[in-house]
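Build the 3D model from these lines:
(chains A and B)
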Amino acid sequence: MAIDLILLSALLLSAIWTVMTIRLVHSVVGLALTSAILAAIIYRLDSPLAAVFELSVCSGLISVIFITTVSFTQRISKERFIVRRKERLLRFLYLPFIVIIAGLLLVRYLRIPQFSLPLSAQVTDVRLVLWNMRHLDLLGQAIIIIAGVFGVVVFFKEPNK
Amino acid sequence: MVVLFILIPFVLLLVLNLPFKFLNARIAFWLSVVLFSTQALFVLINSLFAWSNYPAVLGQFLIFKLWLDPLAFIMLFTIAIVVLVSLLVARSTITTEKRSFNFINLLLVALTGMNATVLVADIFSLYVFVEITAVAVFVLMAIEKNKFAIEGTFKYLVLSMFASVFILTSIAFFILACGDLSFSEIHNAFLANSNIILLNFAIGLFLCGLFIKCGVVPFHGWVPDAYSEAQSAVSVLLAGIVTKITGIYVLMRLFSSVFVLKGSFHNLIMLIGVISIVFAALAAFRQDNIKRMLSYSSISQVGYIVLAIGCGTPLAILGAILHFFNHAIFKSLLFVNAAALEKKFGSTDMSIITGLGSQLPVTSVTSLVGLLSTAGIPPLSGFWSKLIIIIALFNAQQFTYGWIALLASVLTLAYFLFMERNIFLIKTETAPEGSDGVPFGIKFCEILLAAITIGVGLGFPFILNSQILQLKGLLY
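Numbering: from 1, shown residues only, chains lettered A, B, ... in the order given. From the prediction side, this is the model:
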């Protein structure tokens, strides 16, 4: 229980930092960290396969794509950085308070009923899931990555108007 | 063979990006024209048997489980027509070779996503392909990279992410309640009446997500910016088909043949539909920009489809399907007209181009066809679909909704006649004479879409017998 609380608190802090930081690279690192903590939580919820996917895809592959994209952008000047940091802090100052209040309200009032996953959905062999049950979604994954690549090309390789 | 609707655009996308110098924007354009035209023509060969059977050798590789019925044929045909029109408009409005090539690639991604959305038989796969379409469209919307287009894209992106959260959460509840995400298993779970509270909660979340994707009031914040600030060809694509497939079609498919709904959900959907019809029609009056007026008109017309889906009777669903097709065609036509005006005068602001539209005879006549059809004037296509929706509402004892839908058509006619008068009918002394300067591709699209609008209207009895009554498997 103590570990779960520590992990959930770390998840919240990391997510808030991801949103509030001004440097894009820091934001990517924050996102990777959030995914890694989430993977640990999923693992503790007895879903090791989902944890592995969360760690490898969200924390790994997505971070690489984001870092590559960030490398196409230009660094802003120091003066502008200071102004933007102040603006961003003011804009998101309320965020940690909202998260804390929402969390307290949920703990106090929300009673989530217990459900167990039906037997038909409890498949443990990842090969069976990927290649026999969800192959159309795999094709979808490939297409969405290609769409992302075109996005990077359009936004960062073409000259700005 | 059904899977070819997904695989061929995907393979063409891969082929176009092979490192050969001859694969340029021109080749990509013509290959895409052939692909989109072929899809439209093949879908017209409306034989389920021909599409559902293929040699056993192929069957070993094409293992995807897909869902094909007459409704899917209508959707695939509509997608092919609108995507073709968008491509032809892009040919005339996107000037740089590189940008044109990227546009075609993203159009192929969107086509693959939309075709797959229509054909999948599993709610998670449906979500995956809706997102694929959305990602391609986010990039297409910002392809011109001007400030306002990026702002519109950002609004769409943020609201779309909220929709995704709702839909994904509801999918998690569906797997808890049903143990499987295929349409048939979810339908069986509803019939078995097991875990009904969980299922209703899942439907509620799914509905919130879909309302955002449909862009209905009060989830419409992104629509006017997205439609009006995007590049002309992208506006055609967005207003003509994308929001319809990713929002309306999904609503129609799931709420007419997968979910088994309680009365309260029907009432909620109808209420949202009627609010959209009235609010957006009133908002359209206040617009000075043609594309923004058309955007609000789109929200209002989508309201009619949502209202009919909410009514839920077989006749109402028939009206919804018909209005889906008709609206895709005449709204694309009106956005193509806007593209012609933008190409000629560099603006779609009515205060700037007042009285100048008379220089564009083809645009002037076809826009009249489009707006009269939108308002539901006989004998154009929009008249029949609105008539069926209103009759279905009266038959279902929904008199208040029926009367509101009927009276809102008058509002539609009023704001469109105001637009037509301002742009095309007023003669100004300053209007210069000369050629209309509208590219052939845009004129061709205007004439094609106007011909479909008139043809469907005049030939409605024949189309009803040969095509629409085949939908009875879905309706009864």
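
What residue, apart from its backbone neighbours, is nearest residue B:125 spatially?
If the residues on either side of it in the chain are set aside, residue B:125 comes closest to residue A:136, at 5.0 Å by C-beta to C-beta, 6 or more residues apart in numbering or on different chains. C-beta coordinates here come from the backbone N, C-alpha and C atoms, glycine included.

who touches the one helix or strand that neighbour maps to?
Under the criterion of DSSP states H and E, residue A:136 resides in helix A:135-152. Residues outside helix A:135-152 that contact it (C-beta atoms under 8 Å, 6 or more residues apart in numbering or on different chains) are A:65, A:68-69, A:72, A:130, B:6, B:10, B:13, B:63-65, B:102, B:105-106, B:109, B:112-113, B:116, B:120, B:122, B:124-125, B:128-129, B:131-132, B:135-136, B:138-139.

Quick check on those residues: which are buried?
A:69, B:6, B:10, B:13, B:64, B:102, B:105-106, B:109, B:112-113, B:116, B:120, B:122, B:124-125, B:128-129, B:131-132, B:135-136, B:138-139 (16 or more other C-beta atoms under 10 Å in any protein chain shown).

interface residues of the stretch 101-250 of chain B facing chain A?
B:102, B:105-106, B:109, B:112-113, B:116, B:120, B:122, B:124-125, B:128-129, B:131-132, B:135-136, B:138-139, B:142-146, B:175-176, B:178-180, B:198 (C-beta under 8 Å from any C-beta of the partner chain).

wait, what's in contact with residue B:319?
So residue B:319 contacts B:308, B:385-386, B:388-389, B:391-392 (C-beta under 8 Å, 6+ apart).

among those, who's most crowded?
Counting neighbours by other C-beta atoms under 10 Å in any protein chain shown, residue B:308 comes out on top of the contacts of residue B:319 with 33 neighbours.

so after the helix or strand harbouring it, what's the next helix or strand?
Assessed by DSSP H and E, residue B:308 sits inside helix B:290-311. Past helix B:290-311, further along toward the C-terminus, the next helix or strand under DSSP H and E is helix B:314-345.

Now that residue B:202 has come up, it's in contact with residue B:175, right?
No: using C-beta atoms under 8 Å, residue B:202 is not in contact with residue B:175; the gap is 9.4 Å.

what bits of chain A have low per-residue confidence?
Across chain A, the ranges flagged by pLDDT under 70 are A:112-115, A:119-124, A:126, A:158-161.

In stretch B:194-205, which of the residues would be classed as buried?
Within stretch B:194-205, judged by 16+ other C-beta under 10 Å, the buried ones are B:195, B:198-200, B:202-203, B:205.

Chain A: which of the residues you listed is nearest?
residue B:198 (7.0 Å; C-beta to the nearest C-beta).

now the angle from the helix or strand hosting that closest one to helix B:290-311?
Residue B:198 is located in helix B:196-214, with elements delineated by DSSP H and E. With axes from the mean of the first three to the mean of the last three C-alpha atoms, to 10 degrees applied, the angle from helix B:196-214 to helix B:290-311 works out at 160 degrees.

Residue of chain A closest to chain B, please.
For chain A, C-beta to the nearest C-beta, closest residue to chain B: residue A:118, 3.2 Å.

And for the nearest residue to that residue once chain neighbours are set aside, the neighbour number?
Closest residue to residue A:118 apart from its sequence neighbours, by C-beta to C-beta, 6+ apart: residue B:179 at 3.2 Å. Around residue B:179 there are 17 other residues, counting by other C-beta under 10 Å.

these two touch, right, residue B:179 and residue B:185?
Yes: judged on C-beta under 8 Å, residue B:179 makes contact with residue B:185 at a distance of 7.0 Å.

State the pLDDT value of the residue of the stretch 201-350 of chain B found nearest chain A.
Using C-beta to the nearest C-beta, the closest approach of the stretch 201-350 of chain B to chain A is made by residue B:201 at 10.4 Å. You'll see residue B:201 listed with a pLDDT of 88.

Wait, it touches residue B:174, no?
No: the pair residue B:201 / residue B:174 is not scored as a contact, 10.1 Å apart, by C-beta under 8 Å.

Which stretches in the stretch 351-476 of chain B count as strands?
For the stretch 351-476 of chain B, applying DSSP state E, counting those that start in this stretch gives no strands.

pLDDT score assigned to residue B:330?
On the pLDDT scale, residue B:330 gets 93.

just the one 3 residues further on next, same as before
Reading off the per-residue confidence, residue B:333 sits at a pLDDT of 94.

quick one: contacts for it?
Contacts of residue B:333 (C-beta under 8 Å, 6+ apart): B:366-367, B:369-370, B:445-446, B:449-450, B:453.

7 Å - rerun?
B:366, B:370, B:446, B:449-450, B:453 (C-beta atoms under 7 Å, 6 or more residues apart in numbering or on different chains).

Would you mind putting those residues into CSV with distance to chain A and neighbour count alongside?
Conversion of these to CSV gives the following (distance: C-beta to the nearest C-beta, whole Å; neighbours: other C-beta atoms under 10 Å in any protein chain shown):
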residue, distance to chain A, neighbour count
B:366, 30, 27
B:370, 30, 28
B:446, 28, 29
B:449, 27, 28
B:450, 32, 24
B:453, 32, 24
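
out of these, what pair is the most spread apart?
Pairwise distances across the contacts of residue B:333 (C-beta to C-beta) peak at 10.7 Å, for the pair B:446 and B:453.
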